[in-house]
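> have a look at this prediction, sequence included:
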Amino acid sequence: MGFCNSCGRPIVKEDYGTNKDGSLNPEFCRDCYQNGEYTEPDITLNEMIVRKTKEMMEKNPRLPETQATGITAMFIPGLKRWNPEFQDDYKTL
């Protein structure tokens, strides 16, 4: 099992997004990446952090918001979609 390099959720093969040619892309989940493009191309890093923080808190009601925000704020920016070092690695797929 890996993690989606856009939203950070755990993914297995059934959850993989797809490349332009229809092949599976193990880097991104199907919710974030379809047909070689992001499903939400205009979402910002901040918006993704807020979304994932809310989801984490829904799944873990006793988790303090500050802790959930700290986790997502540290994890999400390191994913390939948000890290400039990896920006061109997947655009040719």
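Arrived safely, thanks for sending. Numbering: from 1, shown residues only.

> show me what the helix or strand N25 falls within is in contact with.
Per DSSP states H and E: N25 is located in strand 24-29. By CB atoms under 8 Å, 6 or more residues apart in numbering, the surrounding residues in contact with strand 24-29 are 2, 4-7, 9, 11, 13, 15-19, 33, 36, 80-81, 90, 93. Placement of C-beta: from N, CA and C, glycine included.

> and the helix or strand that that strand is followed by, which strands flank it?
Next helix or strand after strand 24-29 toward the C-terminus (DSSP H and E): strand 33-34. Its sheet considered, strand 33-34 pairs with strand 37-38 (antiparallel) by DSSP bridges.

> give me the distance from the helix or strand following the strand it pairs with to the chain's centre.
Per DSSP H and E, the first helix or strand lying C-terminal to strand 37-38 is helix 45-59. In terms of CA atoms, centre = their mean, to the nearest Å, the centre of helix 45-59 is set 11 Å apart from its chain centre.

> packing partners for helix 45-59?
helix 65-75 (3 or more CB pairs under 8 Å, 6 or more residues apart in numbering; DSSP states H and E).

> pull the helix it packs on out as PDB, backbone CA atoms only.
Output in PDB follows, covering the C-alpha atoms of helix 65-75 (Å, rounded to 0.1, in the frame of the first residue of the first chain):
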ATOM      1  CA  GLU A  65      -7.700  20.300  15.600                       C
ATOM      2  CA  THR A  66      -4.200  21.700  16.200                       C
ATOM      3  CA  GLN A  67      -2.700  18.300  16.200                       C
ATOM      4  CA  ALA A  68      -4.600  17.300  13.000                       C
ATOM      5  CA  THR A  69      -3.500  20.500  11.300                       C
ATOM      6  CA  GLY A  70       0.100  19.900  12.400                       C
ATOM      7  CA  ILE A  71       0.100  16.400  10.900                       C
ATOM      8  CA  THR A  72      -1.400  17.500   7.500                       C
ATOM      9  CA  ALA A  73       0.700  20.700   7.300                       C
ATOM     10  CA  MET A  74       3.800  18.600   7.700                       C
ATOM     11  CA  PHE A  75       2.800  15.700   5.400                       C
END
